[in-house]
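# A structural model of the following input is requested.
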Amino acid sequence: MPSKKPQINTADASLNHGYQNLQKMRFSLSISPSFSRANLKTLVSDSFVNRIKRNADKIHDLIFTCHIEPFMVDAHGVMLTKAENEIHLRHMVELQNKTGVQVSPVFNNIHVPNTYNNLEIFVENFKPIYDMGVTSMTMPHLLWMKMGLLQKTFPKLVIKNTVLRRVRNGQDFWNHAEAGYDYINLDRVLVRETKTLREIRAAQQKFEELTGKHVYTSMLSGEGCFGYCPLPEEHHQHTLTHPETSENMQKNLEIFRCPQELYCQNIGDHFYNPLFSVGLPGFKSDFDEMCENFDVIKLVGRRAFRSLTDNLDKIEAFLSSPEPFSYDATPVLEMLHGNPEKYGKLLDRWRKKTKDCRFQCWNCSLCSDIISKGIES
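Down below sits the predicted model:
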């Protein structure tokens, strides 16, 4: 990976609307294996290829599910038969060859034992993929990075950590960068910890000054999970270690959704409040300010058939719209923004508070107050 961030073409100033950090932002797009099921050629069709080419200056990479030993179970419960896995991999390589955009498989099972024997198994099974031209991937074990076999065997490989490892501060970033990671996914809850994001940016800059290497940072967008959710670790543990995980798609979805049904999709007398979620800011000005602190936005969607289409829609409309709202804006925010005399002070207070509230909702009711005002209207 180059030591400096690539520059984005900003020739069309009419699309900037003053949001310089957004203009430089790049996206990591998630692609569902549904495109490749039953040997469909949709993923490598001219329409998709041309659309990705048109947006190539905004796309950092294209991430996808891939199952090889010892990573045969995915944290999102994405099911692939052996044949489907092979087809999807070949389609992704073809897409890379046709568009010039890097593809990147995800191996995110943090419960795979991080023994040297398993590392050797993984290296042996990844060699054919590397030989196909895949030079980027997500790998969860920092201990393996310390062992050095991956870097020695695959010298051109860009290695990304998994968001499941929850990098939460400057020292966490430094530990991963020092171990050899080229790209670090930050913990999603940091969307409401501006001070910590700035700390991580400072650590990133110092690491680059000392080593000459720019280690990319990425923020997740699009999951909709509660920032204060008590189950993220156990949710992934439930999916990754469940004894009934199989090649049955419906069964795997049931396993993945079980923790959701017991918490975020079953919240008693309350209703789902999107303002509690880990989404990025709903206003472009706040969004632009936050984007000063990381390099890439990772858009989720490896389980959803329309994910690629939806994600391309997002980045194409990202700067072209004159509206002040980002793609993560909720209707209630738009409604309150449209009535500044009545709700302006409340909305300004909420926007300022949530920049650094750290999702400490036990002693705060602002998000509930905002929603209640929307309901009253």
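# any chance you could map the helices in the stretch 251-377 of the chain?
284-290, 307-317, 331-337, 340-353, 366-376 (DSSP state H, counting those that start in this stretch).
# of all the ones you listed, which lies closest to Phe154?
Proximity to Phe154 (Cβ to Cβ) singles out helix 307-317 among those, at 26.7 Å. To be clear about C-beta, it is placed using only N, CA and C from the backbone, and glycine gets the same treatment.
# All the helices of the stretch 101-250 of the chain, residue numbers only.
116-131, 142-147, 149-153, 170-179, 194-211, 232-241, 249-262.
# Just put the ones you listed in a markdown table and tack on distance to Glu316.
Listed next are the helices of the stretch 101-250 of the chain as a markdown table, based on distance: least, Cβ to Cβ, whole Å:
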| stretch | distance to Glu316 |
| --- | --- |
| helix 116-131 | 30 |
| helix 142-147 | 36 |
| helix 149-153 | 35 |
| helix 170-179 | 31 |
| helix 194-211 | 26 |
| helix 232-241 | 31 |
| helix 249-262 | 29 |
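# closest one to Ile52 among the ones you listed?
Across these (criterion: Cβ to Cβ), the nearest stretch is helix 116-131, sitting at 20.5 Å.
# now for that closest one, which elements pack on it?
Counting by 3 or more Cβ pairs under 8 Å, 6 or more residues apart in numbering; DSSP states H and E, the packing neighbours recorded for helix 116-131 are helix 142-147, helix 149-153.
# and those helices as TSV, adding distance to Ser34?
Putting these into TSV (distance: least, Cβ to Cβ, whole Å) gives the following:
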stretch	distance to Ser34
helix 142-147	30
helix 149-153	30
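# can you put these in a markdown table and add mean pLDDT and mean neighbour count?
Listed next are the helices and strands packed on helix 116-131 as a markdown table, based on pLDDT from 0 to 100; neighbours: other Cβ atoms under 10 Å:
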| stretch | mean pLDDT | mean neighbour count |
| --- | --- | --- |
| helix 142-147 | 98 | 16 |
| helix 149-153 | 98 | 15 |
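# Select, out of the ones you listed, the one closest to Leu346.
Nearest to Leu346 among the helices and strands packed on helix 116-131 is helix 142-147; the distance by Cβ to Cβ comes to 43.3 Å.
# what residues does the closest one touch?
114, 116, 119, 122, 139, 150-151, 159, 161, 165, 175-176, 179-181 (Cβ atoms under 8 Å, 6 or more residues apart in numbering).
# from those residues, which is closest to Gln96?
The closest of the contacts of helix 142-147, once distances to Gln96 are taken by Cβ to Cβ, is Ile159, at 17.3 Å.
# Contact partners for the closest one?
Taking Cβ under 8 Å, 6+ apart, we find Ile159 in contact with Ser136, Met137, Met139, Met145, Leu150, Gln151, Gly180, Tyr181, Asp182, Tyr183.
# Ranking by neighbours, what's the top pick from the residues you listed?
Each of the contacts of Ile159 was scored by neighbour count (other Cβ atoms under 10 Å); the top score is that of Tyr183, with 25 neighbours.
# how near is the residue nearest to His111 when sequence neighbours are not counted to Val73?
If you skip the residues right next to it in sequence, His111 has Leu240 as its closest partner in space, 4.6 Å away by Cβ to Cβ, 6 or more residues apart in numbering. Distance check for Leu240 against Val73: by Cβ to Cβ, to the nearest Å, it reads 5 Å.
# shared neighbours of these two, anything?
If you check Leu240 and Val73 against Cβ under 8 Å, 6+ apart, the residues they both contact are Asn109.
# pLDDT on stretch 239-259, on average?
In this model, stretch 239-259 has an average pLDDT of 80.
# In contact with the nearest residue to Ser285 once chain neighbours are set aside, which residues?
The spatially closest residue to Ser285, leaving aside those adjacent along the chain, is Pro324, at 6.9 Å (Cβ to Cβ, 6+ apart). By Cβ under 8 Å, 6+ apart, the residues touching Pro324 are Phe283, Lys284, Ser285, His337.
# Can you list the buried residues in stretch 30-39?
Ser30, Ile31, Ser32, Pro33, Ser34, Phe35, Ser36, Arg37 (16 or more other Cβ atoms under 10 Å).
# Oh, that last question was meant for stretch 182-198, not what I typed.
Applying a neighbour-count criterion of 16+ other Cβ under 10 Å, one finds 182-194, 196-197 buried in stretch 182-198.
# same question, stretch 66-77
For stretch 66-77, a neighbour-count test (16+ other Cβ under 10 Å) marks Cys66, His67, Ile68, Pro70, Phe71, Val73, Asp74, Ala75, His76, Gly77 as buried.
# Would you mind writing the CA trace of it as CSV?
Once non-C-alpha atoms are left out, stretch 66-77 reads as follows in CSV (Å, rounded to 0.1, in the frame of the first residue of the first chain):
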residue,chain,number,x,y,z
CYS,A,66,-15.0,-15.9,1.3
HIS,A,67,-14.8,-19.2,3.1
ILE,A,68,-11.5,-21.1,3.4
GLU,A,69,-10.1,-23.2,6.2
PRO,A,70,-9.9,-22.3,9.0
PHE,A,71,-12.4,-19.5,8.4
MET,A,72,-15.6,-21.4,7.4
VAL,A,73,-18.1,-19.3,9.5
ASP,A,74,-18.8,-15.6,9.0
ALA,A,75,-19.7,-13.2,11.8
HIS,A,76,-22.8,-12.1,9.9
GLY,A,77,-23.9,-15.6,9.2
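# and that stretch, how far out from the chain's middle?
Taking Cα atoms, centre = their mean, to the nearest Å, one finds stretch 66-77 lying 17 Å from the centre of the chain it belongs to.
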